[in-house]
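Visitor: Predicted coordinates and the sequence they were generated for:
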Amino acid sequence: MIKTMEGANIMAGVRMKRLILRWTILLFLVCSVSFWAGCGGGDGDDDGGSGATTYTISGTVSGDVAPGVTITLSGTSSKTATTGTSGTYTFTGLATGSYTVTPSLYGYDFTETSESVAISGEDITDVDFTSAVAPTYTLSGTVSGDIAEGVKIALSGTGTPSATTNATGDYSLSVTTGTYTVTPSLSGYAFNPTSKSVTVSSAAVSDVDFTSSEAASVGDTTDYSSITLTSGGAYSSGADSDPVSQYQYTSTTADVPAIKVAPGGSLTLTHSKAAKSGDTDIGTEDSGFYGFNVGVLASSSSSSTSYVETGNATSITMTDCTITTDAIGANGAFAFGEGAVINLDHVTIVTTGDNNSRGVDATYGGTVNITNSKISTQGGSCAALATDRYNNADAPKINATNVEGTTAGTGSPGIYCTGTFVVEDSKLAATGSEAVCIEGKNSVTLTNTTISGVAKWGVIVYQSMSGDSSVGTGNFSMTGGTLTNTYASGPAFFVCDTAAVIELDGAAIVNSSDMLLVAGSAEEATKIIGSVNSDWGKLGGQVTLTAAHQTLAGKIIICKYDSSSGSDTTASSLDMTLESSSTFTGTINNENNDVTAALTIDSTSIWNVTADSYLSSLTNNGAINPGSYKVYVGGTQVYPEPE
């Protein structure tokens, strides 16, 4: 058949009309569905045209105080609001679900500590509270020692009072019931203890005392403007040396330390400098294991490219000295091998390079003792205090007292541990990283130390399977001091692919996240806190947590066991003990994962429950305040007791 052009045009027109009709019908159907989906039966709001209907929760606070009350919303979503001058508040943009509304303002009690509501197709109004001035009690003590008068006494919590000691060192505060961290402070002075956890319960508390001492100076105190340094080039010797003072040792050659003491040698330095520049040619990993490109190196190994123990003691002692490195892979001070010891007192260490340009480092059984010193690192993977690989040798050791350390790079915690750390009366701040990393069967013990981080989590205990440390239980112990985690999306503590023992005694935990602890495999934890290195394995996190004289708050999340991951998967677990007047305000296993979650509470301790919690076992000799929530043990509700 031969079609004319006119016939083709007619057929094309018919097809176009049919197409237009089909699209018209389809558009009508889509618009109809969208319209009827938006009809929720209440007076909710359309969420920005997305089709999702949202609702409001509102109410009023009356009584002794109305404005300025913080209203916290938890449940299906979390928000906060503050009551206005008339005591009213409103939460908008809420989806259907269950919520808990909680009022709070220091110095006031509320007739209902919280109220549970459920949104189901309409706004919720009249979620009201009545406030009353809370009874107060006296918390008092004395500061003695090198300074008594003029010391500021601060309490943890929002809106809490503070005081200043009088001429005899006495102070007194009027407080409501609760658990507080009491902290003294005055520039130029240190205090023992650095803080105290105190519980006020319907009676005055006295004798919350502190002893002051003039703070020891940190870093190199040498006045270099008044002396002349003798230039010594790069120093390298395996012999005992007479004490050396007022020297400048410098290396600009790749992989040549400014100072190296070989097996059996010793060197004592005062009022001197060591400077290293020139990037490593061998590589940052080997420099981090064996100390090729460092500022100061003490080595007990007969080989520079692997660890071969000689049994010879090797030592470097530096007092009132400065170490600077400006190169990739250039650690400040490095102890390599069993019997290699570096002693640093009043030393300033500054590293500006990347990748293993740490402050101090030790590997294969080496030891660094550092006191009254200051550390600053700028690069990535540059911890202030660090250890690294040791394989079959003894674990390396870092002992630090009165050390101030700051790190700026990513992956640069205050402490990177593959060994044994004992840190006292120190201040460590990571401004681009987490606070502490513990890998494998190693330990960090902190006493009266302030340590902080800004990324991922506060403290991580994990096993990377990199071979840098032995496989086994990691230990983190903290007595006094303050741990600060300013990363809102990560927990204060994270345990992954290993077992961990966490012991806290009177330590202040300042946590921007609502998560206190997450334990799980890399895969399961990623679902909760974002990307976790998948190379860390499938062994979950098994946590033993003991809290004494402690105030803790937040969610404890024990990730589920994922049997689909293979036979090498190990379930995560929790064995938690509250003792010696500890208070935990939070939830345990709210997700109701099928895990072991055991809790023991002694007669002096309290658990304030903030959401439904699911335990495998419970030993309670203290107090559990469930509020409007439920506590289950082995699947059975035990709090509140069923009627």
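Guide: Nice, thanks for sending it over.
Visitor: Name the SS class of Glu285, please.
Guide: What DSSP: H, G, I helix; E, B strand; the rest coil gives for Glu285 is helix.
Visitor: how close does it get to Asn293?
Guide: Using Cβ to Cβ, to the nearest Å, Glu285 is found at 12 Å from Asn293. For every residue, glycine as well, the C-beta is placed using N, CA and C.
Visitor: With neighbour numbers in mind, choose between the two.
Guide: For Glu285 and Asn293, the more surrounded residue by other Cβ atoms under 10 Å is Asn293, and the numbers stand at 34 against 14.
Visitor: per-residue confidence at the more buried one?
Guide: Asn293 carries a pLDDT score of 94 in this model.
Visitor: Now do the contacts for it.
Guide: Asn293 is in contact with 254-257, 276, 278-280, 282, 287, 327-331, counting by Cβ atoms under 8 Å, 6 or more residues apart in numbering.
Visitor: Where neighbours are concerned, which of the residues you listed has the most?
Guide: Within these, Ala330 tops the neighbour count with 35 neighbours, counted by other Cβ under 10 Å.
Visitor: what's that one in contact with, if anything?
Guide: Contact criterion Cβ under 8 Å, 6+ apart gives Lys276, Ser277, Asp279, Thr280, Ser287, Asn293, Val294, Gly295, Thr351, Gly353, Asn356, Ser357 as the residues in contact with Ala330.
Visitor: Might you specify the subset of these located within helices?
Guide: Among the contacts of Ala330, the subset assigned to helices under DSSP state H consists of Ser287.
Visitor: ok, the contacts of Ala330 vs Ser156, which is closest?
Guide: The nearest member of the contacts of Ala330 to Ser156, counting by Cβ to Cβ, is Thr351 at 34.6 Å.
Visitor: Quick check: the closest one touching Thr324?
Guide: Yes - between Thr351 and Thr324 there is a contact at 7.5 Å, judged by Cβ atoms under 8 Å.
Visitor: The two: which is more packed in?
Guide: Between Thr351 and Thr324, counted using other Cβ under 10 Å, the more crowded position is Thr351 (29 against 20).
Visitor: Would you mind measuring from that one to Arg358?
Guide: Thr351 sits at a distance of 7 Å from Arg358 (criterion: Cβ to Cβ).
Visitor: tell me, what's touching the two both at once?
Guide: With Cβ under 8 Å, 6+ apart, Thr351 and Arg358 have common neighbours Asn331, Gly332, Thr377, Cys382.
Visitor: Count the residues that sit near the last one.
Guide: Which is Cys382. Count around Cys382 with other Cβ under 10 Å applied: 34.
Visitor: distance of it from Lys273?
Guide: Distance from Cys382 to Lys273, counting by Cβ to Cβ: 20 Å.
Visitor: Check the third one too.
Guide: Counting by Cβ to Cβ, the separation of Thr377 from Lys273 is 18 Å.
Visitor: Comparing these two, which shows the higher neighbour count?
Guide: Thr377 (29 against 21).
Visitor: what's near enough to touch the more buried one?
Guide: Thr377 is in contact with 350-352, 357-359, 383-384, 405-409, 412, counting by Cβ under 8 Å, 6+ apart.
Visitor: of those residues, closest to Thr619?
Guide: Comparing every one of the contacts of Thr377 with Thr619 (Cβ to Cβ), the shortest separation belongs to Ala383, at 39.0 Å.
Visitor: So for the closest one, what's the pLDDT?
Guide: According to the prediction, Ala383 has pLDDT 98.
Visitor: Check which element follows the strand or helix carrying Thr619 along the chain.
Guide: Element membership for Thr619 (DSSP states H and E) is strand 617-620. Past strand 617-620, heading to the C-terminal end, the next element that is a helix or strand (DSSP H and E) is strand 623-625.
Visitor: That following strand: what's the following helix or strand?
Guide: Taking DSSP H and E as the definition, the helix or strand that follows strand 623-625 towards the C-terminus is strand 631-633.
Visitor: just checking, what packs against that following strand?
Guide: Using 3 or more Cβ pairs under 8 Å, 6 or more residues apart in numbering; DSSP states H and E, the elements in contact with strand 631-633 are strand 613-615, strand 617-620, strand 636-639.
Visitor: Okay, now the sheet partners of that strand, with direction.
Guide: strand 613-615 (parallel), strand 636-639 (antiparallel) (DSSP bridges).
Visitor: What is the distance between stretch 176-186 and the centre of its chain?
Guide: In terms of Cα atoms, centre = their mean, to the nearest Å, the centre of stretch 176-186 is found 21 Å from the chain centre.
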